[in-house]
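Trainee: coords please:
(chains A, B, C and D)
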2 protein chains.
Amino acid sequence: MDVKIVDVALKAKVSPTTVSRVLNNNPLVKSKTREKVLRVIEELQYVPNAAAKNLRQQRTMTIGIIVPDVRVSYYTDLVKGIQTKAYAEKYKIVICDTNNDRVIESEYLKLLSDRSVDGMILVASMLTNSEVQEIVDRGYAVGVIGRSIQNSKVLNVHTDNVKSAKEAVNHLIEQGHRDIAFLSGYPNAMDSYDRLEGYIKALKEHEIPFNPSYVESGNFNETGGYEAMLRLWDKGLKFTAVFSANDEMALGVYRACKERGISIPRDLAVVGVDNDRVSQYLSPTLSTVNQPKFQMGFTLAEKLINRLNDEEIEQERVTVLESELIVRHSSVKA
Amino acid sequence: MDVKIVDVALKAKVSPTTVSRVLNNNPLVKSKTREKVLRVIEELQYVPNAAAKNLRQQRTMTIGIIVPDVRVSYYTDLVKGIQTKAYAEKYKIVICDTNNDRVIESEYLKLLSDRSVDGMILVASMLTNSEVQEIVDRGYAVGVIGRSIQNSKVLNVHTDNVKSAKEAVNHLIEQGHRDIAFLSGYPNAMDSYDRLEGYIKALKEHEIPFNPSYVESGNFNETGGYEAMLRLWDKGLKFTAVFSANDEMALGVYRACKERGISIPRDLAVVGVDNDRVSQYLSPTLSTVNQPKFQMGFTLAEKLINRLNDEEIEQERVTVLESELIVRHSSVKA
DNA sequence: AAAGTGGTTGAAAACGATTTCAGTCTATGT
DNA sequence: ACATAGACTGAAATCGTTTTCAACCACTTT
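Mentor: Below you'll find the model as predicted:
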């Protein structure tokens, strides 16, 4: 149906081999032959068939990305970074949106294990270590963001969550707060854990006792943040500030405050993490810890592609990028 | 390297043909044989090679999506809809982010023309009609959102932009406004044009004369909206309301108003289009015309897949979905 | 004149699945 | 006992490239 390499070869009066060489810029071809072949390719509008090429070369120039939800700006910014690097290196990306469902995530992993991608990037993955390990063993290059994998070849990019959290909480303390609540994400997510650690460290450094009842889990989403706030208040706890492990949950905090007539930042100071796109548009604007999401995606893609292009290249398995506290209006009294 | 179909065949003491039949649920296989084969597949952790399968079957079960920018919530919501349907039908999707660059978009089109996808969805495409036509001629199923293609087999889903705009402007008029500015998108984008038409129609119906100097283009982005507002004011025009052809530009309107100390909605009523995720979080919350973005993506994917599965199926080439005015605080005086 | 050299080309095998077509086997009816 | 249909299986061709290997040609060197 489509025009194929032998059609070009026939018309150009050369062998398919030569056409292939022209396509792949093999310098062995005499320039006159090359020109002739190129002319015919143009004439016939020939495009090489990817499946045939993939089959023969045993690679697809494609990277698979598994994300929890493509609508979340945090993930999209990562994807943008990955995509930008991938495009520059002539890689394609296939996106799998798990809808925050671990079963679907597992299915996607299987779906991608058919050599239709050369490597995979797992974002905020809920897969077990052994599931990930198996993919590595099958020879896929894999990178993760938003979790840690011990003892393997898995590439990783992240920010120093302990430090980020500490900075955020320090900032609240400097604003005069002593009673600071903490909204964590999924209890077992790496990021949650580190941010909790940073929270505790900041308190310790200022000799504020750590009280576990000030900690509530909000599952990293708006509703979770909202409900967590209600729970905190229902406990009868007094606090003047809250550190939310991400901006999404902070949205829930805003909603809860609005309902209860609590003024931010007058009655309650709020700091989030991620610098979600909406944060700057909230009233008051939300103080947050910015994550260099684009850069994280870009860097991880770079490392992954390095590995794909050259197994031998010397590079760090783990990269830590800097995050940065952005002080806006939600944490500073007028 | 990987285990392949003959390995399974050998171990199960059957032919590759039979293994293939088992894989593809061909009912001809005796159930005892099937079980044996399945056991070996499980034992060997065999996964069929996609490239080989694609080559033989001449299809990839993959849909390509070309979008201007994956960070924009409008596009992401579409992608989510597409992805949801695609997943249900066992299709993969590859995403191409053109970064709003028509040259890059063209390159992506070429990149996808190698039979690595069975169909393509172009979102807010800047390609020429003939470029799109060529893809159709090559036998790809193609769908578009956010532009119109005349005279071809290209699938399309959209909302009635004329009506949406008219409703939005009617709403402003009902709130007592007579002098209403209009912020258009790209001058030559279909959507811009239709929304302008709706704006004019609404004015006409209320016997308000249409004055072209009330129209400024803002290129569909925040900065464009901001600058368009400044230009309108600089002209010395008096107006008490503005209809922005999308929410993104309305963000620019908010910024401009803040800078000039103009209060929304007291001094200026604002209505946007798209129901961007941020709109509900703005202060005041932004009135807007909601587009069923998820549904649009889902529907287009459905039609595209229908076409891929069965060339003969009877279905409309163009689907129009309903949009809906959401009145929030930016357009209603307290 | 024979042998070597470097530049250029092509024939054929390979990649790993599916599909066509031709069987083989079993059971059934006569 | 034989023919025959139906159930099941396998050999070989096929998809469209890339890659290996051998060969060819035109020169130069000995």
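
Trainee: what ranges does the stretch 51-200 of chain A have for its helices?
Mentor: Here the stretch 51-200 of chain A has its helices, by DSSP state H, counting those that start in this stretch, at A:73-88, A:102-112, A:129-137, A:161-174, A:190-205.

Trainee: and B:T159, which of the ones you listed is closest to it?
Mentor: With respect to B:T159, and counting by C-beta to C-beta, the nearest of the helices of the stretch 51-200 of chain A is helix A:73-88 at 23.1 Å. In this view, the C-beta of every residue, glycine as well, is placed from N, C-alpha and C.

Trainee: elements contacting that closest one?
Mentor: In this structure, helix A:73-88 makes packing contacts with strand A:62-67, strand A:92-97, strand A:119-123, helix A:293-309, strand B:92-97, judged by 3 or more C-beta pairs under 8 Å, 6 or more residues apart in numbering or on different chains; DSSP states H and E.

Trainee: wait, which of the ones you listed is closest to B:D77?
Mentor: strand A:92-97 (11.6 Å).

Trainee: mean neighbour count added to the helices of the stretch 51-200 of chain A, as TSV?
Mentor: Formatted as TSV, those follow (neighbours: other C-beta atoms under 10 Å in any protein chain shown):
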stretch	mean neighbour count
helix A:73-88	23
helix A:102-112	18
helix A:129-137	15
helix A:161-174	21
helix A:190-205	20
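
Trainee: same list (these) but as TSV, adding distance to B:L112 and mean pLDDT.
Mentor: Listed next are the helices of the stretch 51-200 of chain A as TSV, based on distance: least, C-beta to C-beta, whole Å; pLDDT from 0 to 100:
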stretch	distance to B:L112	mean pLDDT
helix A:73-88	12	97
helix A:102-112	19	95
helix A:129-137	26	93
helix A:161-174	38	96
helix A:190-205	35	91
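
Trainee: before we move on, back to that, who wins for proximity to B:N25 among the helices and strands packed on helix A:73-88?
Mentor: strand B:92-97 (20.0 Å).

Trainee: now the closest one: mean pLDDT?
Mentor: For strand B:92-97, mean pLDDT rounds to 97.

Trainee: who's in contact with it?
Mentor: With contacts defined as C-beta atoms under 8 Å, 6 or more residues apart in numbering or on different chains, strand B:92-97 is touched by A:62, A:79-80, A:83-84, A:87, A:92-96, A:111, A:116, B:60-70, B:79, B:82-83, B:86, B:105, B:108, B:111-112, B:116-117.

Trainee: got the helices and strands packed on helix A:73-88 as TSV, with mean neighbour count columns?
Mentor: Formatted as TSV, the helices and strands packed on helix A:73-88 follow (neighbours: other C-beta under 10 Å):
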stretch	mean neighbour count
strand A:62-67	27
strand A:92-97	24
strand A:119-123	26
helix A:293-309	21
strand B:92-97	24
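
Trainee: among the ones you listed, which is nearest DNA strand D?
Mentor: helix A:293-309 (13.7 Å; C-beta to the nearest atom of the strand).

Trainee: who touches the closest one?
Mentor: Under C-beta under 8 Å, 6+ apart, the answer for helix A:293-309 is A:59, A:63, A:74, A:77-86, A:89, A:91, A:118-119, A:121, A:141-143, A:145, A:155-159, A:274, A:313, A:315, A:319, A:321.

Trainee: what about it, near DNA strand D?
Mentor: No - figure legend: helix A:293-309 not in contact with DNA strand D (C-beta under 7 Å from any atom of the strand); closest approach 13.7 Å.

Trainee: that helix: how far from the chain's middle?
Mentor: Remark: helix A:293-309 is offset 11 Å from the chain centroid, using C-alpha atoms, centre = their mean, to the nearest Å.

Trainee: neighbours of the residue in the stretch 201-334 of chain A positioned nearest to chain B, how many?
Mentor: Chain B sits closest to A:S283 of the stretch 201-334 of chain A, with a gap of 3.6 Å, by C-beta to the nearest C-beta. By other C-beta atoms under 10 Å in any protein chain shown, the residues close to A:S283 number 14.

Trainee: in contact with it, which residues are there?
Mentor: B:282-283.

Trainee: let's see it at 10 Å
Mentor: A:254, A:264, A:329-330, B:281-285 (C-beta atoms under 10 Å, 6 or more residues apart in numbering or on different chains).

Trainee: would TSV of the helices of the stretch 51-200 of chain A with distance to B:E174 be doable?
Mentor: Listed next are those as TSV, based on distance: least, C-beta to C-beta, whole Å:
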stretch	distance to B:E174
helix A:73-88	34
helix A:102-112	45
helix A:129-137	57
helix A:161-174	46
helix A:190-205	48
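
Trainee: looking at these, which is nearest to A:T240?
Mentor: helix A:161-174 (8.7 Å).

Trainee: just the angle for the closest one relative to helix A:190-205, thanks.
Mentor: 40 degrees (axes from the mean of the first three to the mean of the last three C-alpha atoms, to 10 degrees).

Trainee: can you spell out which helices and strands pack onto helix A:161-174?
Mentor: Packed against helix A:161-174 by the contact rule (3 or more C-beta pairs under 10 Å, 6 or more residues apart in numbering or on different chains; DSSP states H and E) you find strand A:180-184, helix A:190-205, strand A:241-244, strand A:269-274, strand A:287-290, strand A:324-326.
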